[in-house]
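# Provided below for reference: sequence and predicted model.
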Amino acid sequence: MGASADTGDPLIDYPTFKGASNNLDRNGAADLIMSAGSKVDQRILRLTPGGYRQSGSAWSTTRLDVTKSFESSFKVYLHHFRPGADGIAFVVQTEGPRALGGWGGGVGYRGIEPSLAVEFDTYQNSYDPSRNHLAVVLGGNPNYQAETAESPIPLFGRPFNARVVYDAESTLLRVYVKSLSAGSTEQLVLEHEIDLAEHVGDSAAWIGFTASTGTGLSKQDIYSWTVQGSGV
Ligand SMILES: [Ca+2]
């Protein structure tokens with residue numbers, strides 16, 4: 001039972017997003033685009049293409065059983081303009097496949113409820129500790145950060161890997177980041193205790209990503225995404 005998160009085929013497995021079109025519900029500014037400079041046909045998930053006041057979301061059509069442990073890994077690249085804004089979030093929600101929050105400081109998840117968002121925030125709003133932090137945000141309200149921590153690596157301008165691990169038995173959520181520079185190691189950034197199924201009010205949840213821009217803007221891309229866990 002408990003081993004299901006560690007063995008077997010991933011529930012979601014996109015080394016690139018080629019072929020993902022029918023399995024990802026995309027809203028707002030989000031789109032699957034050709035990866036520039038690649039000789040083979042690769043796709044990336046571009047949550048915002050670098051315009052002002054945009055928000056985008058993308059949800060797997062496969063829902064996740066959040067009463068079980070899971071692990072989600074993804075490669076992120078936030079780039080193009082400086083200073084960048086506003087960042088991206090990995091989100092677990094039970095509002096539905098059309099869920100999309102507003103632009104600006106809500107990082108595309110503002111108003112999505114019930115939800116848990118792990119944000120990678122590149123713009124300092126009045127309620128933020130910095131322009132390079134991570135946070136666990138509950139109920140789609142960016143003013144309420146259940147946990148927050150400075151990122152040990154730059155979130156803007158360089159690609160990085162992130163990993164979100166949920167242990168259902170200990171109801172612990174952990175968030176790690178890793179720079180892609182040679183010799184870098186993965187670092188634990190955030191830890192938060194939460195009964196995820198109880199928080200989102202269902203055992204089956206949509207999972208995916210949101211992002212937004214405001215008066216500052218970025219191209220905000222996910223290059224790969226895998227989830228080990230149980231589907232419903
Ligand atoms: Ca912010």
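All right, it came through fine.
# enumerate the residues of the protein near the ion.
For the chain, the residues in contact with the ion (Cβ under 5 Å from the ion) are 105, 121, 123, 125, 128. Glycine gets a C-beta too; all of them are placed from N, C-alpha and C.
# top of those by neighbour count?
Neighbour counts for the residues of the chain next to the ion peak at residue 121, which has 28 neighbours (criterion: other Cβ atoms under 10 Å).
# closest one of the residues of the chain next to the ion to residue 74?
Checking the residues of the chain next to the ion against residue 74 by Cβ to Cβ gives residue 121 as the nearest, at 15.9 Å.
# grab the most central residue of this structure for me.
With distances taken as Cα atoms, centre = their mean, the residue of the chain nearest its centroid is residue 90 (2.0 Å).
# ok, it to the ion distance?
With distances taken as Cβ to the ion, to the nearest Å, residue 90 is found 15 Å from the ion.
# quick one: strands adjacent to the helix or strand encompassing that residue?
According to DSSP states H and E, residue 90 maps onto strand 87-93. According to DSSP bridges, strand 87-93 forms sheet pairs with strand 115-121 (antiparallel), strand 204-212 (antiparallel).
# now the element after the last one, going C-ward?
Going down the chain from strand 204-212, the next helix or strand is strand 219-228, by DSSP H and E.
# roughly how far out does that next one sit from the chain middle?
8 Å (Cα atoms, centre = their mean, to the nearest Å).
# one more: stretch 20-28?
Counting by Cα atoms, centre = their mean, stretch 20-28 is centred 15 Å from the centre of its parent chain.
# same question, stretch 190-197
With Cα atoms, centre = their mean as the basis, the mean position of stretch 190-197 lies at 16 Å from the chain mean.
# ok, now stretch 114-127?
11 Å.
# output the lowest mean pLDDT helix or strand found in this structure.
Within the chain, no helix or strand scores below strand 31-34, which has a mean of 94 by mean pLDDT, DSSP states H and E.
# would you mark the buried spots in that one?
Along strand 31-34, these residues count as buried under the neighbour rule (16 or more other Cβ atoms under 10 Å): 31-32.
# now do it: distance to the chain's middle.
For strand 31-34, the separation from the chain centroid amounts to 17 Å (computed by Cα atoms, centre = their mean).
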